[in-house]
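Visitor: got a predicted model here, sequence first, then my questions.
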Amino acid sequence: MRRRHFLAGAAAAALLLAGCAQPVPVASSPSGTPELPAPVIGLTYIPNVQFSPFYVAEADGDFTAAGVRPTLRHHGTSEGLFTAIAAGQEDFVVAGGDELLQARGEGVDLVAVATYYRSYPVQVIVPDGSPITTLADLKGHSIGIPGRYGENWFGLQVALRSAGLAESDVQVQEIGYTQQAALSTGKVDAIVGFSNNEAVQFALAGFATRSLAIAPGQVPLVGICVATTRAYAEAHPEVVKAVVAGTLAGIRTAVADQAHALEVSATYVPGLSAASAQESAKATLAATAPLWTGGGSVDGTLDAAQWTAMADFMAAQGLTKGRVDPTPAFSNAYLG
């Protein structure tokens, strides 16, 4: 998932959240009995198999079985990560826990209600023949990132700290989302990318690379979560529970039956039926499954210790305005 900058509009978003209470659409069952309000789930950026659990949950009836009929909405390419949810155009958004915590520091009252990626997807990627074999070897080398924002930037901060390096020890180049071209042409010595995105695309293109973990153990960041606003969660707790239940069911299916997830995704992702697109999507899905399981099983539980470690790390690195209290930033109250 490519993440976009949101802080420029965070102050405005906070104001929008304070005054965006709008009527929530309510669907009716065939018998005429009111169902739960129909929420809008923001999937960010463009349709992609990385969102296949949501497609599966809708197509297979997992959301309906949980009692909710959401609308899946992808953001425009220039839309901020939290702009729509702040404006009341979305009720849920799929976003990094680190991005959410940073936004809370800017006054946006968001709360994570379930884990989506149990493993952090960011890694440092170098050409296979590179002399860079450890994070410490990055000293004196150029590293390409989309920009100084989002999970690529946060992940780089973790990598540098893990190696005992300062930003001044390396040459950080903001290259936009051109990591593949920049690394393969030698414009940069290393890039920061996602294990289920750039690493996959390099392999499909036949460009041999090596990936370096950004931390030797637990990464002090929280990856992709399902989030909503605190106001919405308090007003519609049953909707939140239903969305979480449907999403987790969709993840389980996508992990257990990737062929089915790919087939369903083809009805949501334009152009995915083409043979070349199928190859890329299949590889991306295979690389995403371990992120959903974290090497174990699908579990939406949000780890309090991990959120605390993240709050400490982001404050120490100046990624938040002071230390943001992680306690109100997440809740396991909506898990089944």
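Guide: Cool, the structure landed.

Visitor: going forward, measure contacts between C-alpha atoms and count neighbours the same way
Guide: OK.

Visitor: please parse this protein into its domains.
Guide: Following automatic domain parsing, the chain resolves into domains at 7-119+221-329, 122-213.

Visitor: who wins for proximity to Gly336 among these?
Guide: Relative to Gly336, the nearest member of the domains of the chain by Cα to Cα is domain 7-119+221-329, separated by 6.7 Å.

Visitor: tabulate the domains of the chain (TSV), appending distance to Leu335 and mean neighbour count.
Guide: Formatted as TSV, these follow (distance: least, Cα to Cα, whole Å; neighbours: other Cα atoms under 10 Å):
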stretch	distance to Leu335	mean neighbour count
domain 7-119+221-329	6	20
domain 122-213	25	18
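
Visitor: export the ones you listed as TSV, with columns for mean pLDDT and distance to Gly336.
Guide: Shown next, in TSV, are those (pLDDT from 0 to 100; distance: least, Cα to Cα, whole Å):
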stretch	mean pLDDT	distance to Gly336
domain 7-119+221-329	89	7
domain 122-213	97	28
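
Visitor: ok, the residue nearest to Ala66 when sequence neighbours are not counted - contacts?
Guide: Counting by Cα to Cα, 6 or more residues apart in numbering, Ala242 is the residue found nearest to Ala66 once chain neighbours are left out, at 5.0 Å. Contacts for Ala242 were tallied using Cα atoms under 8 Å, 6 or more residues apart in numbering; they are Phe63, Ala66, Gly67, Val68.

Visitor: closest one to Phe207 out of the residues you listed, please.
Guide: Using Cα to Cα, these come closest to Phe207 at Phe63, 40.2 Å.

Visitor: can you pull the contacts of the closest one?
Guide: Phe63 neighbours (Cα under 8 Å, 6+ apart): Ala57, Arg69, Pro70, Ala242, Val243, Ala245, Gly246, Thr247.

Visitor: confirm the last one sits in a strand?
Guide: No. The assignment for Thr247 is helix, going by DSSP: H, G, I helix; E, B strand; the rest coil, so no strand is present there.

Visitor: that one contacts Ser52, doesn't it?
Guide: No. With contact defined as Cα atoms under 8 Å, Thr247 does not reach Ser52; the gap is 9.9 Å.

Visitor: most centrally placed residue in the protein?
Guide: Ile224 (3.4 Å; Cα atoms, centre = their mean).

Visitor: sorry, back to before: make a markdown table out of the contacts of Ala242 and add secondary structure and distance to Ser142.
Guide: Below are these laid out as a markdown table (DSSP: H, G, I helix; E, B strand; the rest coil; distance: Cα to Cα, whole Å):
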| residue | secondary structure | distance to Ser142 |
| --- | --- | --- |
| Phe63 | helix | 46 |
| Ala66 | helix | 49 |
| Gly67 | coil | 51 |
| Val68 | coil | 48 |
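
Visitor: could you dump the residues you listed into a markdown table with distance to Thr77 added?
Guide: Shown next, in a markdown table, are the contacts of Ala242 (distance: Cα to Cα, whole Å):
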| residue | distance to Thr77 |
| --- | --- |
| Phe63 | 27 |
| Ala66 | 31 |
| Gly67 | 31 |
| Val68 | 28 |
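
Visitor: any idea which helix or strand comes after the helix or strand hosting Val126?
Guide: For Val126, the element it lies in under DSSP states H and E is strand 122-127. Downstream of strand 122-127, the next assigned helix or strand under DSSP H and E is strand 142-145.

Visitor: pull the distance from that following strand to the chain's centre.
Guide: Distance, stretch centre to chain centre, for strand 142-145: 21 Å (Cα atoms, centre = their mean, to the nearest Å).

Visitor: for it, name the packing helices and strands.
Guide: Packing partners of strand 142-145 (3 or more Cα pairs under 8 Å, 6 or more residues apart in numbering; DSSP states H and E): strand 171-174, helix 179-184, strand 190-194.

Visitor: about what we covered before: can you list the strands that the strand holding Val126 pairs with?
Guide: strand 190-194 (antiparallel), strand 209-213 (antiparallel) (DSSP bridges).

Visitor: may I have the first one as CSV, with CA atoms only?
Guide: Presented in CSV, the C-alpha positions along strand 190-194 are these (Å, rounded to 0.1, in the frame of the first residue of the first chain):
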residue,chain,number,x,y,z
ALA,A,190,19.3,1.5,-1.5
ILE,A,191,15.6,2.1,-1.1
VAL,A,192,13.0,1.8,1.6
GLY,A,193,10.0,-0.2,0.3
PHE,A,194,7.3,-2.8,1.2
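
Visitor: now the helix or strand just after that strand, how far from the chain's geometric center?
Guide: Following strand 190-194 in sequence order, the next helix or strand is helix 198-205 (DSSP H and E). Offset of helix 198-205 from its chain centre (Cα atoms, centre = their mean): 19 Å.
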